[in-house]
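Asks: Build me a structure from this.
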Amino acid sequence: MSDKTMTADEVVSRLHSGMTLGIGGWGARRKPMALVRALLRSDITDLTVVSYGGPDVGMLAAAGRIRALVAPFVTLDSIPLEPHYRAARERGAFELTEVDEAMFMWGLRAAANRLPFLPVRAGIGSDVMRVNPGLRTVTSPYEDGETFVAMPALRMDAALVHLGRADRLGNGQYLGPDPYFDDLFCEAADSAYLSCERIVDTAELTKEAAPQSLLVKRLHVTGVVEAPGGAHFTSCSPDYGRDEDFQRLYASTPWAEFSGRFLAGDEQAYASAVRDWQEEQG
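Replies: This next block holds a predicted model:
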């Protein structure tokens, strides 16, 4: 067993333009934003992004880094439609494959199990089939003869996820109410990079929470990054909630202005810029 710790910039050095990149979390919840910000500091582009989308997609879309997107939604939760994503989509900046949430999950499961597709009822009789003419159906070989959508595997070159705790070997633990399918993202990708609020000794993982909270297994993780506050401004329960005030700033500020102020430097510069803005607000 080996120490898999690295920095966010070292993670990005292993990524490349043109790859298919999965990003864990859900909407504006537990997104690996420190890794996304590191990605934005690079010149990597032409990405196919697979995500239950939130500001990760919004930022990458606004920066012109996405060639194609596979997602069931792109939301900030308290702001229903991610505005920077919406602006990029309206100007036709990337291709979009939009599927039902359950179809997306089964695509992850198919990839995690190295299957070409999995049958799913979701999508039948909906406009999902109309707007995605490449989707196919399959008929049950048994007596029921039921027709299903054949959801293709969402196989990825790399995945980025954020969890509450991890050890140096790559075991990752969630402490909030929902795993958000981060384990499937890691299993469905050729390489997976896990950022966390805190790296602890392996024995400490089960002192803080039950063993079933160990969501991500070390054999599916390529690198571990300790990134306190690394999901900001999304939530990482129970460590912190979503920063609603900062999220409103992000949603209402032109991208060039926002990125120029908050994304021009490293994570220390980002944290300093956020503190300065908070002080301005009183």
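
Asks: okay, how far is it across stretch 78-98, tip to tip?
Replies: Distance between the two ends of stretch 78-98: 21 Å, counting by CA to CA, to the nearest Å.

Asks: ok, and what's touching it?
Replies: Around stretch 78-98, the neighbours that count as contacts under CB atoms under 8 Å, 6 or more residues apart in numbering are 28, 53-55, 57-59, 61-62, 64, 66-76, 128, 131-132, 242, 244, 247-248, 250-252, 255. From N, CA and C alone the C-beta is placed, and that goes for glycine too.

Asks: could you point out where the stretch 51-200 of the chain is predicted with low confidence?
Replies: In the predicted model of the stretch 51-200 of the chain, no residue satisfies pLDDT under 70.

Asks: sorry, back to before: of the contacts of stretch 78-98, select the buried ones using a ChimeraX command.
Replies: Remark: buried members of these, expressed as a ChimeraX selection using 16 or more other CB atoms under 10 Å:
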select :28,53,54,55,57,58,59,61,62,66,67,69,70,71,72,73,74,75,76,128,242,247,250,251,255
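
Asks: From the contacts of stretch 78-98, which land in strands?
Replies: 66, 67, 68, 69, 70, 71 (DSSP state E).

Asks: Tell me how far residue 276 lies from residue 270.
Replies: Using CB to CB, to the nearest Å, one obtains 11 Å as the distance from residue 276 to residue 270.

Asks: repeat for residue 184
Replies: The value you get for residue 184 to residue 270, if CB to CB is used, is 29 Å.

Asks: Which one of those two is surrounded by more residues?
Replies: residue 184 (28 against 19; other CB atoms under 10 Å).

Asks: what's the neighbour count on residue 19?
Replies: Neighbours of residue 19 under the rule other CB under 10 Å: 16.

Asks: same question but for residue 97, I mixed them up
Replies: By other CB under 10 Å, 20 other residues sit near residue 97.

Asks: got a list of what residue 204 touches?
Replies: 165, 167.

Asks: where does it fall, helix, sheet strand or coil?
Replies: Following DSSP: H, G, I helix; E, B strand; the rest coil, we place residue 204 in the helix state.

Asks: For residue 171, see how far away it is.
Replies: 11 Å.

Asks: next one: residue 146
Replies: For residue 146, the distance to residue 171 equals 40 Å [CB to CB].

Asks: Between these two, which has more neighbouring residues?
Replies: When residue 146 is set against residue 171 and neighbours are counted by other CB under 10 Å, the residue ahead is residue 171, at 23 against 12.

Asks: Number of residues surrounding the nearest residue in space to residue 20 that is not next to it in sequence?
Replies: Distances taken as CB to CB, 6 or more residues apart in numbering put residue 48 closest to residue 20, at 4.3 Å, once the chain neighbours are dropped. Residue 48: 19 surrounding residues under other CB under 10 Å.
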